[in-house]
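K.L.:
Give me coordinates for this.
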Amino acid sequence: MRISSPIGLLALITVGCSSSGAGGNDAAAGGATATGGRGGSGGRTGAAGSGAGRSYTTAFPLTENPISEGGNWINGQTDGIDWHDMSTTPGLAIGHQSGSSYTDGTALLTGSWGPNQTVEAVVHAVNPKDSCYQEVEMRLRSTLTPHSCTGYEISFKATKTSGAYLIIVRWNGSVGDFSYLLNTSGAQYGVTEGDVVKATIVGNVITAYLNGVAVGTATDATYTTGSPGMGMNLETGDSSCIGTNGDYGFTHFTAMAN
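P.N.:
Presented below is the predicted three-dimensional model:
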């Protein structure tokens, strides 16, 4: 999400399935149905094909646009229409947002997932630029259908300046209809190459972690079901940001539920 002012962060904004300002975060989730998945670089997908005890791990071994990994992902544009897709090359997943705000690249795992969920991912980030609002995003209890995305988004800005931030957002359905649950800024919340980000939801408590340390929490009881996933935001008000989607993403992703 793009942060314009501390007050603006507390507002409910109406533009896209992400929480970025003029470029927004991405959130979409949902559930087609698939049970396994292919892991990256020999990665694996896990446990119980659906519901409690399920897990999925990938290091993105394929070249796919949009990401599918054998039908294990749905995407923001292909399936949600109003957002953007995510793609992979071996070892990297990136988003494809361009133009309109709140239409982040989004991908959600398919199938049935238990309510207590964890997403953990390793960050790729080079050539950071504050005005691009390049965000890496994790999704929990999310659902994506045509013209609607709901669930929770946890996002870190891919820079290490004072303009970095952490946000936790609830998506309410249409593009740009979201509510901030947490907005906090500072260089300590920024991420760069090799950082490990994690988000959990247990009951109504959402917790964000950076390199194993809890750095923010929020509570919300709106959604009790949905899928884990990932997303990427890119703000393109600064024309030099256009086409920088490949400068940031995830090199490894794990989701678990119980």
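
K.L.:
ok, now which ones touch the closest residue to Gly203 other than its chain neighbours?
P.N.:
If the residues on either side of it in the chain are set aside, Gly203 comes closest to Asn116, at 7.5 Å by C-beta to C-beta, 6 or more residues apart in numbering. (Glycine included, C-beta is placed from N, CA and C.) By C-beta atoms under 8 Å, 6 or more residues apart in numbering, the contact list for Asn116 reads Thr200, Ile201, Val202, Gly203, Ala257, Asn258.

K.L.:
that's a helix at Gly246, yeah?
P.N.:
Yes - Gly246 sits within a helix when classified using DSSP: H, G, I helix; E, B strand; the rest coil.

K.L.:
Give me the pLDDT for it.
P.N.:
At Gly246, the pLDDT value in this model is 97.

K.L.:
Same question for Leu12.
P.N.:
In this model, Leu12 is scored at 34, pLDDT.

K.L.:
Low-confidence ranges, the chain, go.
P.N.:
Residues of the chain meeting the criterion pLDDT under 70: 1-50.

K.L.:
Spell out the residue ranges of the helices in it.
P.N.:
Along the chain, no segments are classed as helices by DSSP state H.

K.L.:
quick revisit: nearest to Ala125, of the contacts of Asn116?
P.N.:
Top of the list for closeness to Ala125, among the contacts of Asn116 and by C-beta to C-beta, is Thr200 at 22.2 Å.

K.L.:
surely the closest one meets Thr207?
P.N.:
Yes - with contact defined as C-beta atoms under 8 Å, Thr200 and Thr207 form a contacting pair (5.0 Å).

K.L.:
Looking at these two, which one has more neighbours?
P.N.:
Of the pair Thr200 and Thr207, Thr200 is the one with more neighbours under other C-beta atoms under 10 Å, namely 20 against 17.
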